[in-house]
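**Student:** Pasted the sequence and its predicted model underneath.
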Amino acid sequence: MKATWNGKVIAQSDDTVVVEGNHYFPDSALNRDYVTFSNHKTSCPWKGQASYYSLIVDGEMNADAAWYYADPRPEAEMVKGRVAFWKGVKVEA
């Protein structure tokens with residue numbers, strides 16, 4: 001699977017986990033050249049607290065376009081150490 005935004009590959013891996021229709025990529029598959037800090041957080045009733053990354057490609061920012069669960073609840077352990085995308089990031093094979 002490949003996650004792209006603004007013409008750049010943000011993450012690529014053959015090892016994704018699909019949860020609720022979202023592909024969660026291993027954290028190690030993330031291209032850190034395009035990732036920056038975000039202090040945005042949300043809460044999921046069964047996965048726990050999500051933290052976010054923003055993306056910067058060619059000077060354009062896509063705020064809070066990637067999320068991860070640093071310490072997911074036990075029932076969501078399969079997403080630990082993984083990152084998912086939204087906000088226009090294309091995820092395709």
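**Tutor:** Cool, got the structure. Numbering: from 1, shown residues only.

**Student:** give the contact list for Glu92.
**Tutor:** For Glu92, the contact set (Cβ atoms under 8 Å, 6 or more residues apart in numbering) comprises Met1, Lys2, Thr4. For the C-beta atoms, the positions are set from N, CA and C on the backbone; glycine is no exception.

**Student:** Please list the members of these that lie in strands.
**Tutor:** Using DSSP state E, the members of those that fall in strands are Lys2, Thr4.

**Student:** which among the contacts of Glu92 gets closest to Asn22?
**Tutor:** Asn22 has its nearest neighbour among those in Met1, at 11.0 Å by Cβ to Cβ.

**Student:** That closest one: how many residues sit nearby?
**Tutor:** Met1 has 16 neighbouring residues, counting by other Cβ atoms under 10 Å.

**Student:** same question, Val35
**Tutor:** A count of nearby residues for Val35, using other Cβ under 10 Å, gives 17.

**Student:** Tell me what it is bridged to.
**Tutor:** Applying DSSP bridges to Val35 gives these bridge partners: Leu55.

**Student:** ok, it touching Asp64?
**Tutor:** No - judged on Cβ atoms under 8 Å, Val35 makes no contact with Asp64 at a distance of 11.8 Å.

**Student:** Common neighbours of the two, please.
**Tutor:** Contacts common to Val35 and Asp64, judged by Cβ under 8 Å, 6+ apart, are Tyr53, Ser54.

**Student:** that older thread, turn the contacts of Glu92 into TSV, columns for distance to Gly21.
**Tutor:** Shown next, in TSV, are the contacts of Glu92 (distance: Cβ to Cβ, whole Å):
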residue	distance to Gly21
Met1	13
Lys2	17
Thr4	18
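
**Student:** which ones are touching Ala66?
**Tutor:** Going by Cβ under 8 Å, 6+ apart, Ala66 touches Ile10, Leu30, Val35, Tyr52, Tyr53, Ser54, Leu55, Val83, Ala84, Phe85, Val89.
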